[in-house]
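Student: structural data only, the sequence is not supplied:
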């Protein structure tokens with residue numbers, strides 16, 4: 001199953017369709033998982049009832065939907081906004097589809113059907129769908145280029161199609177309707193006719209279509225979409241047709257003409273260090289991982305391994321955020337991680353999708369450790385507790401002038417985050433042969449197919465505030481032994497981050513140990529690739545209890561991260577903490593915290609929708625993801641010793 005293709009339909013390849021390889025592990029589809037805890041269930045519900053309607057409304061207010069009506073010649077006027085604004089409609093359709101798959105919603109279904117009808121009317125007869133040009137072909141949106149596909153480095157034409165395809169697959173799988181899928185297939189067929197070994201040689205300036213074509217391949221079984229994805233990957237770093245020098249110069253294009261900015265400076269198999277625009281990069285690396293697995297390309301596999309190591313060991317913030325350079329939304333040099341961080345929300349979304357793929361490729365929990373760090377910190381910070389205010393950037397320090405916004409002129413982040421939260425139930429569990437993997441600790445019930453019939457796992461936990469996780473296992477009697485593999489997070493084993501960029505300060509006390517029990521009896525914890533496996537013939541009503549130690553940890557960065565020298569951060573479990581001025585006399589940027597100051601935690605039920613608060617040494621810290629939910633104020637993650 002594709003790294004983040006959720007509740008995917010397995011396709012029977014027949015006739016002339018060649019066989020393909022696939023991932024070693026398969027995600028358990030979101031339709032098989034019901035989330036019921038006190039942490040994620042409310043957030044998923046707010047996403048469905050607040051965030052999705054809010055974004056749908058903002059897309060209407062800001063003219064994003066009207067642009068498609070202009071392209072359909074149902075309204076007059078020029079295209080309004082940016083050439084990539086079409087994707088804000090596509091992404092919220094995808095998010096709404098995940099919400100409807102989890103919980104039917106007739107009103108939302110009608111709303112999405114109405115949007116799809118507008119998209120169908122805006123599509124040109126040969127499949128071209130790009131409102132930025134079609135609305136007024138003589139005056140396309142700035143950066144779109146004078147003709148179709150003429151300025152691919154900046155037009156976002158193929159990027160837009162990618163998000164269309166993802167939305168179409170999600171909508172088809174959620175509803176069974178082919179209305180949007182047919183639009184996507186018509187578009188993809190045009191792309192395949194236009195670009196290929198015997199057609200035009202070129203690549204999108206903003207990657208995304210590569211991974212989306214893989215999704216389209218999976219749901220249709222048509223191998224040409226997988227081949228087209230592989231073609232676009234293979235063309236990076238090679239001579240394009242037309243050549244790049246035909247593209248215009250100027251302030252708008254200078255950044256896009258930087259080949260490294262858009263990962264086009266060398267072939268992908270030679271790209272072993274993360275450079276350029278961080279969102280583009282994570283989408284590219286996701287597509288590379290897909291292609292490495294589905295085509296059996298070991299050279300491509302070694303490239304994504306090298307890129308992963310480079311990112312986690314030199315270029316990732318403690319919160320999981322990616323992208324240090326604000327002007328270009330890009331990765332910085334090695335160990336250059338200023339706390340004013342750009343760390344775009346979209347980069348965290350792209351990172352999570354890549355880490356999930358890397359896990360499905362290998363079964364190594366290190367990828368999920370990074371997934372979890374990003375999810376609970378650098379990604380979740382992108383949306384307010386109310387669900388209708390957003391961050392585009394996620395800095396680790398604020399002078400008090402930063403605030404969340406209802407929407408953005410460039411609004412890629414809100415719907416991107418929304419679709420990730422909607423997809424989350426399908427990212428919690430995975431299977432491989434006779435192994436069931438519990439990757440995230442979230443109160444839920446999952447029905448998981450095995451060769452001996454379905455196994456139901458009922459998970460109960462107060463995670464991330466408490467490290468106790470209990471699972472009830474209901475399996476059919478008489479089945480063979482199977483393993484339930486529980487991820488033992490690196491932070492529970494004293495390993496702060498897979499790349500060694502951050503580490504916990506050594507404890508003076510004896511470390512607590514991970515404890516595991518089955519039906520009340522202790523089980524020796526043997527960890528392999530970050531998982532503790534319990535293999536047995538499971539009976540209906542068997543119980544597993546996992547206890548993960550959750551001490552308050554002090555974190556230090558690699559000394560080569562200049563801005564964090566002589567500073568520490570606070571982490572408990574997967575949660576990174578921050579000081580906010582509202583809790584600390586109004587000012588935190590000059591606060592100091594002795595490295596040996598004793599710290600305590602307590603649960604504040606009425607604060608920030610209920611959070612664990614850490615106090616001690618004259619400071620009060622709250623989860624980083626929840627900052628700026630009580631108005632503007634100073635904030636810092638790293639505190640001077």
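Tutor: That came in fine, so what should we check first? Quick caveat: nothing in here was measured; it's all calculated off a predicted structure. Residues are numbered from 1 along each chain as shown.

Student: which residues are in contact with the residue lying farthest from the centre of the chain?
Tutor: The centre of the chain is farthest from one residue, residue 478, which by CA atoms, centre = their mean lies 39.3 Å away. By CB atoms under 8 Å, 6 or more residues apart in numbering, the residues touching residue 478 are residue 452. Where C-beta positions appear, they are placed from N, C-alpha and C, glycine not excepted.

Student: quick one: what helix or strand has it in it?
Tutor: Take DSSP states H and E as the rule and residue 478 turns out to sit in neither a helix nor a strand.

Student: would you mind measuring from it to residue 544?
Tutor: According to CB to CB, to the nearest Å, residue 478 stands 20 Å off from residue 544.

Student: now do residue 597
Tutor: Taking CB to CB, one finds residue 597 at 37 Å from residue 544.

Student: who's more crowded, these two?
Tutor: Neighbour count, other CB atoms under 10 Å: between residue 597 and residue 544, residue 544 has more, with 22 against 14.

Student: what sits against that one?
Tutor: 470, 471, 473, 484, 486, 516, 517, 518, 534.

Student: quick check: the fifth one is in a helix.
Tutor: No - membership of residue 486 in a helix is not supported by DSSP: H, G, I helix; E, B strand; the rest coil, which gives strand.

Student: neighbours around it, how many?
Tutor: 25.

Student: then the third one?
Tutor: By other CB under 10 Å, the residues close to residue 473 number 22.

Student: go on, the one 10 residues further on?
Tutor: As a burial measure, the neighbour count of residue 483 was computed by other CB under 10 Å and equals 18.

Student: now swap in residue 159 and tell me
Tutor: 24.

Student: so how far is the one helix or strand it maps to from its chain's centroid?
Tutor: Taking DSSP H and E as the criterion, residue 159 maps to helix 157-175. Centroid displacement of helix 157-175 relative to its chain, using CA atoms, centre = their mean, to the nearest Å, is 16 Å.

Student: likewise for stretch 560-580?
Tutor: That offset, for stretch 560-580, works out to 23 Å (CA atoms, centre = their mean).

Student: now do that stretch, average pLDDT.
Tutor: The average pLDDT for stretch 560-580 rounds to 98.

Student: how about that stretch: buried residues?
Tutor: By neighbour count on 16 or more other CB atoms under 10 Å, the buried set for stretch 560-580 is 561, 563-564, 567-580.

Student: compute the first-to-last residue distance for that stretch.
Tutor: End-to-end distance for stretch 560-580, by CA to CA, to the nearest Å: 27 Å.

Student: buried subset of the contacts of residue 544?
Tutor: Here, 16+ other CB under 10 Å leaves 471, 473, 484, 486, 516, 518, 534 buried among the contacts of residue 544.

Student: does the first one sit in a helix, a strand or a coil?
Tutor: Yep, that's residue 471 we're talking about. Quick answer, by three-state DSSP: residue 471 is strand.

Student: that one against residue 457, yeah?
Tutor: Yes - Residue 471 is in contact with residue 457 according to CB atoms under 8 Å; the separation is 5.5 Å.

Student: hey, what's in contact with both of those two?
Tutor: Counting by CB under 8 Å, 6+ apart, the residues touching both residue 471 and residue 457 are 438, 484.

Student: that older thread, in a markdown table: the contacts of residue 544, plus distance to residue 79.
Tutor: Below are those laid out as a markdown table (distance: CB to CB, whole Å):
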| residue | distance to residue 79 |
| --- | --- |
| 470 | 55 |
| 471 | 52 |
| 473 | 55 |
| 484 | 53 |
| 486 | 51 |
| 516 | 58 |
| 517 | 62 |
| 518 | 61 |
| 534 | 58 |
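
Student: quick one: which of the residues you listed is nearest residue 391?
Tutor: residue 486 (32.6 Å; CB to CB).

Student: so what's the closest one bridging to?
Tutor: residue 438, residue 532 (DSSP bridges).

Student: these two touch, right, it and residue 546?
Tutor: Yes - using CB under 8 Å, residue 486 is in contact with residue 546, at 5.5 Å.

Student: what sits in contact with each of these two?
Tutor: Counting by CB under 8 Å, 6+ apart, the residues touching both residue 486 and residue 546 are 469, 471, 516, 532.

Student: from those residues, which is closest to residue 218?
Tutor: residue 471 (29.9 Å).

Student: helix, strand or coil: sort out the closest residue in space to the closest one that isn't next to it in sequence for me.
Tutor: With sequence-adjacent residues excluded and distances taken as CB to CB, 6 or more residues apart in numbering, residue 471 is closest to residue 544, at 4.4 Å. Assigned by three-state DSSP, the conformation of residue 544 is strand.

Student: ok, now how distant is residue 544 from residue 480?
Tutor: 18 Å.

Student: what's the answer for residue 429, then?
Tutor: 20 Å.

Student: those two: which is more packed in?
Tutor: Each of residue 429 and residue 480 has its neighbours counted (other CB under 10 Å); residue 429 has more, 24 against 10.

Student: for the stretch 401-550 of the chain, give me the ranges with low pLDDT.
Tutor: 507-511 (pLDDT under 70).

Student: just the strands in the stretch 251-400 of the chain please.
Tutor: 397-399 (DSSP state E, counting those that start in this stretch).

Student: can you pull out the helices in it?
Tutor: Assigned by DSSP state H, counting those that start in this stretch, the stretch 251-400 of the chain shows helices spanning 251-254, 278-294, 298-314, 345-362, 365-373.

Student: same thing with the stretch 51-200 of the chain?
Tutor: 52-61, 64-71, 86-102, 106-122, 131-134, 152-155, 157-175, 179-194.

Student: between those helices, which one is closest to residue 442.
Tutor: Comparing the helices of the stretch 51-200 of the chain by CB to CB, helix 86-102 comes nearest, at 13.5 Å.

Student: quick one: average confidence on that closest one?
Tutor: Mean predicted lDDT for helix 86-102 stands at 98.

Student: please apply the same query to stretch 341-353.
Tutor: Rounded mean pLDDT across stretch 341-353 is 98.
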